[in-house]
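1. Got a predicted structure here, sequence first:
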Amino acid sequence: MAEKASPSSNSISLKTVDGKIFKVSPAIANQMLTIQPLIKDSDSSTIISLPDVAAFHLTKIIEYLEGKPAAAPSAVDAFEAQFVKDLSPEELKGLLIAVGYLKVNGLVDLMANTVAKLIENKSVEYVRKFFGVVNDFTPAEEAKCRQEHAWAFDGVDED
Amino acid sequence: MDNILCDELLEEIFQKLPQSSSSSLSLVSKRWLHLHRSSTTSLSLHLSHHSSLSIILSHYPFLSSLYVNPSSSSSSSTTTIATPFTLSSHLLSVVSSSCLNLRVLGFHVGPVSLSSLTSLSKACTFLTSLSVTLPRPIFLKWVLSFPSLKHLSIEFHEAEVGNQHGVMESYDFDDDDDGDGELGLESVCFVGIHGDDYGVGWLWRRCKKLKRLKLQKCQGIGGSYSCFVKCLEGLEDVEIRTCRAVADLVLLKLAENCGSLNSLSLYDGGGSREALLYFFSQCSSNLNKLDLRLPMDLDNNHLQSMAMNFRGITSLRLQSCYLLSGEGLKAIGMGMSDGLEELALINCDVVGREYGLLATLGQHLRRLTKLDLSHNETLLDKDLISMLVSCVHLVDLRLRGCKRITGMAMVSMLRSCKRLENVDVMNCFGIESEAIEMFIKKSPRLRRIEVDGSKVSDAVTMFASNRFIEVIA
């Protein structure tokens, strides 16, 4: 399924957590900073496994790295807007984590930005649920922090 | 379960959020709170509970910028009026002892003492930008103890504080030669100087590297003009706001002593007929930008000498000038035809009064990229269109509050100005919504339009957002 990547002999094989193997060109693989040191030592027979990355996410990452226009910033903006447009919140979250793990050039920024916009005006409860975070504040601690934020910061409304 | 987002990613997300959202999200968990606090480098506080400032600041160990303002809701609270000086000085010393990495500090809780500034200078040795309120009498020698300071902004407090002033200083005005007294300041903004604030004169003599000067609500320049002229030589950018008492002399001294001026802004009166004329005819600087708002006495003679002397001007803004006639503006058109790129004639009745003036201006000023004709209530379609046909390079066009122009003007904008990216037609009651919608749909490079909300349907708003056009209603 990954044969769209360069078929040349020195392509790199990446194995996702759900067992799919992707062959990508070194130019693409080198933009994933986490696996960069592994690429140097690998030959065509090595398979680099990515324990935190699912096939869906790797497909999207490769799509981004291959499709990103090198030209004008406005073209990049349009491409990036299109890239994240149809992703669901769950997909965005998964992709953010995968991208963060692989440290993909340019994509960390885009995903963090997109997720930031997604949670910007959401309640604290929504964000806890979304990221599966358990609230470890005692009610008194939480109330104290809320109070501090309410009067100390610019433009925060109490909710 | 809290660790599906690693610290790095979470910090990355915090950085993308505005301060208000990121600080409320820090309540998600203890880890989030801790990360948020340690990744915050810039904080803006509105103080209402003074006692907690040190606790708050202790939570943010890596602040490089801090702005402390009085609480907006309780600006008239009794505590700040009763002990303004001791309390605000105390709060400044809290800042000194809590934030050691500050580069930028804006502190406007109240006037502060010299001793609190001295302790600030010992704690925050890398401070490059400082904005404070000072009590009278004015002493500024402490500026020497901030070796990295580049930007200084001081508001002088009306009330005298007398002998609570902390460290006493005195100035020896005959002593002009203390060689180590040179200041590295590049930009200075003073609000409310009086004629007898001699401490300011001390500073003028030591600012040889000054590039930007801003004076607001000043009744004097502090001491003698012979001190003041020492700082003028290298100035590039000057703004004078509501300083009727000193504007004339400042203009005079600028014309005589400064050859590097690039931009001059003069707001709210100031500049008598003679002083303006002297400045426009004698100034040897190659001005690029001139911004005059409500210059009471500005007339055609001024524009003519401006056109003769300042041929390098690229941006000219005239607001609320009532003595002008077409003759003066035509002189501008001819004199500045090679360089002028931005022109604003805001609320200048001559624009709507003289038929044919705009057509002439358009023919001379073909290189204009920005044009602002806002608040000219008598401006008619035919005048505007006669100018637009020549201004084919316009990128930015503002017609806010031009009540008489209609959809005809929008059609002409489409036809002549194909490079328009920003358009403001707010409060143009003569333009009907069909014309606005047609313009949004057909203008090839439009990026941003400001318009009355009632004139844009949901469908057009959708269309605009799909094309990345910002509609501001």
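-> Arrived safely, thanks for sending.
2. Run a quick neighbour tally on A:Leu33.
-> As a burial measure, A:Leu33 scores 12 neighbours (other C-beta atoms under 10 Å in any protein chain shown). From N, CA and C alone the C-beta is placed, and that goes for glycine too.
3. wait, I meant B:Leu324
-> Using other C-beta under 10 Å, B:Leu324 has 22 other residues around it.
4. just the one 3 residues further on next, same as before
-> Taking other C-beta under 10 Å as the criterion, the count of residues near B:Glu327 is 15.
5. which element is it on?
-> B:Glu327 belongs to helix B:326-335 when assigned by DSSP states H and E.
6. Repeat that for A:Gln147.
-> Using DSSP H and E, A:Gln147 sits within helix A:139-152.
7. Remind me what that helix packs against, helices and strands.
-> Other elements packing on helix A:139-152 under the criterion 3 or more C-beta pairs under 8 Å, 6 or more residues apart in numbering or on different chains; DSSP states H and E are strand B:42-47, helix B:53-58.
8. okay, the first one in CSV with CA atoms only?
-> C-alpha atoms of strand B:42-47 as CSV (Å, rounded to 0.1, in the frame of the first residue of the first chain):
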residue,chain,number,x,y,z
SER,B,42,5.3,37.2,29.1
LEU,B,43,2.6,38.2,31.6
SER,B,44,0.2,41.1,31.8
LEU,B,45,-1.5,41.6,35.1
HIS,B,46,-4.4,43.7,36.3
LEU,B,47,-3.9,44.1,40.0
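9. Briefly note if it comes near chain A.
-> Yes. Strand B:42-47 lies within reach of chain A by C-beta under 8 Å from any C-beta of the partner chain, at B:Leu43, B:Ser44, B:Leu45, B:His46, B:Leu47.
10. Tell me the most packed of those, by neighbour count.
-> Neighbour tally across these (other C-beta under 10 Å): the maximum, 22 neighbours, falls on B:Leu43.
11. Who is that residue paired with across the strands?
-> Legend: beta-bridge partners of B:Leu43 under DSSP bridges are B:Leu66.
12. That one against B:Leu63, yeah?
-> Yes. B:Leu43 lies in contact with B:Leu63 (C-beta atoms under 8 Å); the separation is 5.7 Å.
13. and the angle for the least confident helix or strand in chain A by mean pLDDT with strand B:42-47?
-> Using mean pLDDT, DSSP states H and E, the weakest-scoring helix or strand in chain A turns out to be helix A:139-152, at a mean of 78. Helix A:139-152 runs at 90 degrees relative to strand B:42-47, counting by axes from the mean of the first three to the mean of the last three C-alpha atoms, to 10 degrees.
14. Spatially central residue in chain A, please.
-> A:Leu96 (2.4 Å; C-alpha atoms, centre = their mean).
15. Can you pull the phi/psi pair for that one?
-> Main-chain torsions, A:Leu96, degrees, to the nearest 10: phi -60, psi -40.
16. buried ones in the helix holding B:Glu327?
-> For helix B:326-335, a neighbour-count test (16 or more other C-beta atoms under 10 Å in any protein chain shown) marks B:Gly326, B:Gly328, B:Leu329, B:Lys330, B:Ala331, B:Ile332, B:Gly333, B:Gly335 as buried.
17. For chain A, tell me which of those show up nearby.
-> The subset of the buried residues of helix B:326-335 within reach of chain A, counting by C-beta under 8 Å from any C-beta, is empty.
18. on that earlier part again, residues making contact with the helix holding B:Glu327?
-> With C-beta atoms under 8 Å, 6 or more residues apart in numbering or on different chains as the contact definition, helix B:326-335 has outside contacts at B:299-304, B:306-308, B:311, B:316, B:340, B:345, B:350, B:354, B:356-357, B:360-361, B:363-365.
19. what about the residue in the stretch 251-400 of chain B that chain A sits nearest to, neighbour count?
-> Of all residues in the stretch 251-400 of chain B, B:Val395 sits closest to chain A, at 14.9 Å by C-beta to the nearest C-beta. Around B:Val395 there are 18 other residues, counting by other C-beta under 10 Å.
20. circling back to that earlier point, least reliable of the helices and strands packed on helix A:139-152 going by mean pLDDT?
-> Averaged per stretch, pLDDT over the helices and strands packed on helix A:139-152 is lowest on strand B:42-47, reaching a mean of 82.
21. Just checking the distance from that one to the centre of its chain.
-> 21 Å (C-alpha atoms, centre = their mean, to the nearest Å).
22. quick revisit: tell me who's in contact with the residue nearest to the centre of chain A.
-> A:Met111, A:Ala112, A:Thr114, A:Val115, B:Leu5, B:Leu9.
23. Look up how far B:Asn300 lies from it.
-> A:Leu96 sits 63 Å away from B:Asn300, taking C-beta to C-beta, to the nearest Å as the criterion.
24. Could you verify my assumption that the residue of the stretch 251-400 of chain B closest to chain A touches B:Lys418?
-> No. Applying C-beta under 8 Å as the test, B:Val395 and B:Lys418 come out as separate, 10.5 Å apart.
25. Let me see the ranges of the strands in chain A.
-> Applying DSSP state E to chain A gives strands spanning A:12-15, A:21-24, A:47-49.
26. roughly how far is the first one from the heart of the chain?
-> Computed by C-alpha atoms, centre = their mean, the chain-centroid distance of strand A:12-15 equals 18 Å.
27. Each with direction, which strands does that strand pair with?
-> When DSSP bridges is applied, strand A:12-15 pairs with strand A:21-24 (antiparallel), strand A:47-49 (parallel).
28. Not counting its own residues, what contacts stretch B:255-274?
-> Stretch B:255-274 has contacts (C-beta under 8 Å, 6+ apart) with B:229, B:232-244, B:246-248, B:251, B:254, B:278-279, B:282-299, B:302.
29. In the stretch 51-200 of chain B, what residue comes closest to chain A?
-> Checked against chain A (C-beta to the nearest C-beta), the nearest residue in the stretch 51-200 of chain B is B:Ile56, 5.5 Å away.
30. my guess is that residue contacts A:Gln147, does it?
-> No. Between B:Ile56 and A:Gln147 there is no contact under C-beta under 8 Å: 11.2 Å.
31. circling back to that earlier point, moving C-terminal of the helix holding B:Glu327, what's the next helix or strand?
-> Next element after helix B:326-335 (DSSP H and E): strand B:342-346.
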